[in-house]
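**Student:** Sequence first, predicted coordinates after that:
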Amino acid sequence: DARRQAAEDAGALPQIVAAMRAPSATAAAQEWACSVLLNITAGTDAQSDARKQAAANADALPQIVAAMRAHSAVAAVQEQACCALDNITAGTDAQRDARA
């Protein structure tokens, strides 16, 4: 969990989202970006919820959906994107509503 927090503290979330926005982002790059978003936002404690909110604030959710649209025929992108969406939007009703 300390490594996840260190990544967030270093500013990884906005950089990941920026990389996903790049016109040259390949399916593999989108897959890895979704995987990293999934991993950084993993957990159920207050710190992980803050990282989930930070991901949402960095516009990760629309970028994940954009990756799914751009690479709809790539199963690995779809899988990692669904996992990342599930993870970032998980939590209590109040936590999810705050990230909406």
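**Tutor:** Alright, I've got the coordinates.

**Student:** tell me the helices in this structure, going along the chain?
**Tutor:** For the chain, the helices defined by DSSP state H occupy 2-9, 12-21, 27-40, 46-57, 60-70, 75-88, 93-99.

**Student:** Could you save these as CSV and add columns showing mean neighbour count and mean pLDDT?
**Tutor:** (Glycine included, C-beta is placed from N, CA and C.) Shown next, in CSV, are the helices of the chain (neighbours: other CB atoms under 10 Å; pLDDT from 0 to 100):
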stretch, mean neighbour count, mean pLDDT
helix 2-9, 14, 93
helix 12-21, 18, 96
helix 27-40, 20, 97
helix 46-57, 19, 93
helix 60-70, 18, 97
helix 75-88, 18, 96
helix 93-99, 12, 64
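
**Student:** ok, how many other residues are close to the residue lying closest to V77 once chain neighbours are set aside?
**Tutor:** Sequence neighbours aside, H71 is the residue nearest to V77 in space, at 4.2 Å (criterion: CB to CB, 6 or more residues apart in numbering). If you count neighbours by other CB atoms under 10 Å, H71 ends up with 20.
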